[in-house]
Structure formats: C-alpha cells, structure tokens
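J.: Attaching a predicted model along with its sequence, questions to come.
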Amino acid sequence: MTQDVLSAPERAEVLARLDAAGVPVESSGHRLAAYSYDASNYRVPPVGVVFPRSVDGVVAVVAACRETGAPLVGRGGGTSMAGNAVGPGIVLDFSRHMHRVFSIDAAAGTADVDAGVVLARLTKEAARATDGALTFAPDPSSKTRATVGGSIGNDACGNHS
C-alpha cells in the first residue's frame with residue numbers, strides 16, 4: 001500500500017471538511033509518525049489522526065471521509081500484527097476518549113461499551129457484574145492494550161474464544 005492514495009488537494013479537502021465540521025485533527029509530523037505503525041511491520045503515514053469524543057464526532061469523520069473518498073482506519077491499542085491499525089487516510093483512535101463501559105446485562109449476556117475499552121478492563125468488569133459467570137471471549141496476549149473495537153474488527157481470539 002502506498003501512502004500517496006490521496007493527492008495533495010484531496011488531503012487538503014478532507015482536512016478542510018473535518019475542520020468545517022468542528023472535528024479536531026492532529027497532523028503534526030510527530031503524530032503522523034506515531035500512527036504510521038502498529039505491532040506489524042507495515043509503515044503507512046496517515047493524513048491525520050482524530051480522537052473522537054462522541055458518536056457524533058465519529059459520524060462527522062465518517063461523512064467527511066465518505067464524501068472525499070479518503071480511507072478511514074479505526075484504531076484502539078494499535079496491537080494489530082497484520083497492519084489493520086494503519087492506513088493512508090484518517091485514523092480514528094477510540095482509546096483516548098471513547099473507552100466507557102455503560103452496562104453489562106448478565107441475563108442477556110451483553111455489554112454496552114465504547115469501541116476504545118481495553119479488553120482486560122471489560123473482562124474484569126464483566127466478571128465483577130456477573131459474579132464471575134461471564135467474561136468477554138477474546139483473550140489475546142495483548143489484552144492489556146488491545147481494545148474491543150479492534151478485537152471485533154480483527155476477529156481476535158485467545159484462550160477463552
């Protein structure tokens with residue numbers, strides 16, 4: 001994959017749309033370098049990184065990327081060993097602000113959480129809320145850093161899957 005998927009005007013357009021939508025985008029050299037890699041060997045600098053604070057922020061980013069054709073990459077802990085957390089467009093990092101556990105329903109066997117919740121935290125919360133009856137199945141070795149969104153997107157596994 002090449003980093004020049006978007007031309008300079010296309011890169012400027014997606015950044016302008018995000019700015020117009022009131023979505024802060026970080027695009028300093030340091031930030032782009034840090035988000036150019038994950039646990040894989042791939043190195044792909046993004047156009048910018050967004051740390052959404054709400055679902056509305058995510059919707060605005062998705063709309064801007066759809067309208068401009070900019071690639072969109074969801075990211076949590078950046079623990080993917082297959083390059084799933086890097087890409088040449090806008091990176092949405094859910095781990096900074098969208099990491100809440102809203103509820104765990106033992107009877108239904110469901111959890112309502114943000115995509116940026118770290119797996120180890122959700123496992124602990126599920127066990128606490130259900131007196132140890134339930135857990136969250138993905139149990140990769142990176143569970144203290146990997147997030148729910150990434151584990152679902154990557155079809156993560158582990159001992160309890």
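T.: Structure received. Numbering: from 1, shown residues only.

J.: Mind telling me what element the residue of the chain most remote from its centre is part of?
T.: Using Cα atoms, centre = their mean, the residue of the chain lying farthest from its centre is Asp131. It sits 29.4 Å away. Using DSSP states H and E, Asp131 falls within no helix or strand.

J.: That one: what's it in contact with?
T.: If you count contacts by Cβ atoms under 8 Å, 6 or more residues apart in numbering, Asp131 has none. All C-beta atoms are positioned from the backbone trio N, CA, C, and that covers glycine.

J.: Roughly how far does it sit from Met98?
T.: Distance of Asp131 to Met98, computed by Cβ to Cβ, to the nearest Å: 28 Å.

J.: Could you report the separation of Pro45 from Pro9?
T.: 18 Å.

J.: more neighbours, those two?
T.: Pro45 (16 against 7; other Cβ atoms under 10 Å).

J.: So what sits opposite the residue nearest to Cys65 when sequence neighbours are not counted in the bridge?
T.: Excluding its sequence neighbours, the residue lying closest to Cys65 (Cβ to Cβ, 6 or more residues apart in numbering) is Leu72, at 4.3 Å. Note on Leu72: beta-bridge partners by DSSP bridges are Ile90.

J.: my read: Leu72 touches Gly89, true?
T.: Yes - using Cβ atoms under 8 Å, Leu72 is in contact with Gly89, at 5.6 Å.

J.: Looking at these two, which is more packed in?
T.: Each of Leu72 and Gly89 has its neighbours counted (other Cβ under 10 Å); Gly89 has more, 21 against 18.
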